[in-house]
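Provided below for reference: sequence and predicted model.
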Amino acid sequence: MLYKKILVFGKNGQLGRAFQEYFANRNNIVFISRDECDLTDPKQISECLQKFQPNIIVNASAYTAVDQAEKDIETSQKVNALAPKMMAEYIQSISNGVLLHYSTDYVFDGSKNSTYIETDQTNPLGQYGKSKLSGEQAIQSVFEDHSNTSAKYYILRTSWVYGDGGNFIKTMLRLAQERDQIKVISDQYGVPTSAKWLAQIGIKTISSEASSGIYHAVVDGEISWHSLAKYVIKTARDEGIKLKILPEAIQAIPATDYPLPAPRPYNSRMNNQKLKDALKQEAFPKWQDQVQAYVKKLITN
């Protein structure tokens, strides 16, 4: 499938940069930035799709300013819901087209005591999650309402993404160099997931015989933000980096002590068994191994 023409939206995000690394030196891939195609403008989206006429669309773009979305409802809806709908409509209009779209753990409210499966009830707490859920529903509706059975879509929900860009891991390393006291939320749980891995698993998914649908794309394991911070700092110190704080000195606090404009789910743990079964894989990488490799790469660079 990869010999077909691929159009990747979200060129400059963590995930988009991971796709650029994955597809280095390939000439059948087009990467589009926000400046090149404004995803709030349906006319620009339509012109872009007609100009490049891809067989495969990778939507690595999203309105991800979680707190700002509470005020900027219209923009978040356009980018996270209307744009994916237009991409789905285009893919449905061609033979053997494929749409790969990334979504989020924020479609859940986090009240479940165990890991979320794909069929669990969604109930986003804030506008960001609501807009992403609207995008999922729009894609599904387009495929349900059209008769082109050769076209496919894959919605990969993920959580706690880190890569080439701003993220929690980089923030912790910076703060550990600047401060001797750090407070981190200890009662929110999820799965740190590498953007590099997400790009790889996305391509593996669209190259497989997996059926269209929603899949949870996270690596194996789970952790709290506080424990993740401790792991990151320990890894850096083990590599000889001088930091002002020891891992055990990082203070655990409840989320209520760090109020934000938009509520976050306490439980962002997602079950990845459906995707493993679809790809015929018994296991995915452990988050510890990938975070450790990422921290070491940051240090050496």
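Good, I have the coordinates. Numbers count the residues shown, from 1 in each chain.

make it CA atoms for all contacts and neighbour counts henceforth
Noted.

Low-confidence regions, the chain specifically.
1-3 (pLDDT under 70).

where along it do the helices fall?
Here the chain has its helices, by DSSP state H, at 14-22, 42-52, 73-77, 83-92, 127-145, 168-178, 195-206, 225-238, 273-279, 287-300.

What's the separation between the nearest residue in space to residue 243 that is not next to it in sequence and residue 230?
Spatial nearest neighbour of residue 243, chain neighbours left out: residue 177 (4.9 Å); criterion: Cα to Cα, 6 or more residues apart in numbering. Applying Cα to Cα, to the nearest Å, one obtains 14 Å for the distance of residue 177 from residue 230.

Which one's more surrounded, the two?
Taking neighbours as other Cα atoms under 10 Å, residue 177 and residue 230 compare with residue 230 leading, 21 against 13.

can you tell me the distance between the two ends of stretch 32-49?
11 Å.

list the buried ones in it?
By neighbour count on 16 or more other Cα atoms under 10 Å, the buried set for stretch 32-49 is 32, 33, 37, 38, 39, 40, 42, 45, 46, 48, 49.

would you list the residues you listed in TSV and tack on distance to residue 10?
Below are those laid out as TSV (distance: Cα to Cα, whole Å):
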residue	distance to residue 10
32	6
33	5
37	10
38	11
39	10
40	13
42	16
45	13
46	16
48	13
49	14
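
And those residues, which is closest to residue 69?
Here the nearest of these to residue 69, counting by Cα to Cα, is residue 40; it sits at 13.8 Å.

Spit out the contact partners of the nearest residue to the closest one once chain neighbours are set aside.
The shortest distance from residue 40 to any non-neighbouring residue, by Cα to Cα, 6+ apart, is to residue 78 (5.1 Å). Neighbouring residues of residue 78 by Cα atoms under 8 Å, 6 or more residues apart in numbering: 39, 40, 41.

just residue 62 next, same as before
10, 79, 80.

between those, which has the most around it?
For the contacts of residue 62, counting by other Cα under 10 Å, the largest number of neighbours falls to residue 80: 28 neighbours.

correct me, but it touches residue 60?
No: using Cα atoms under 8 Å, residue 80 makes no contact with residue 60, being 10.7 Å away.

mind checking how far residue 87 is from residue 297?
Residue 87 is 35 Å from residue 297, by Cα to Cα.

So for the two, which sits in the more crowded spot?
Using other Cα under 10 Å as the criterion, residue 87 and residue 297 rank with residue 87 on top: 23 against 10.

Would you confirm that that one contacts residue 100?
No: judged on Cα under 8 Å, residue 87 makes no contact with residue 100 at a distance of 9.8 Å.

my guess is residue 186 meets residue 258, correct?
No: Residue 186 is not in contact with residue 258 according to Cα under 8 Å; the separation is 10.9 Å.

Compare the two (neighbour count), which wins?
Neighbour totals were compared for residue 186 and residue 258, and residue 186 leads with 19 against 10 (other Cα under 10 Å).

OK, contacts around the more buried one?
Residue 186 neighbours (Cα under 8 Å, 6+ apart): 224, 225, 226, 227, 252, 253, 254, 255.

Residue 6 now?
28, 29, 30, 54, 55, 56, 57, 58.

Give me the number of neighbouring residues for residue 300.
7.

From residue 92, how far off is residue 145?
10 Å.

what sits in contact with each of those two?
By Cα under 8 Å, 6+ apart, no residue touches both residue 145 and residue 92.

between these two, who's got more neighbours?
Each of residue 145 and residue 92 has its neighbours counted (other Cα under 10 Å); residue 92 has more, 24 against 9.

I figured the more buried one hits residue 146, correct?
Yes: between residue 92 and residue 146 there is a contact at 7.1 Å, judged by Cα under 8 Å.

Enumerate every residue touching the closest residue to residue 215 other than its chain neighbours.
The shortest distance from residue 215 to any non-neighbouring residue, by Cα to Cα, 6+ apart, is to residue 156 (5.0 Å). For residue 156, the contacting residues are 100, 101, 102, 103, 104, 202, 214, 215, 216, 217, by Cα under 8 Å, 6+ apart.

what residues are up against the last one?
I take that to be residue 217. Residue 217 sits in contact with 156, 157, 158, 198, 201, 272, 275, where contact means Cα under 8 Å, 6+ apart.

Bridged to the spatially most central residue of the chain, which residues?
Residue closest to the average C-alpha location in the chain (Cα atoms, centre = their mean): residue 158, at 4.8 Å. With DSSP bridges as the criterion, residue 158 is bridged to residue 104.
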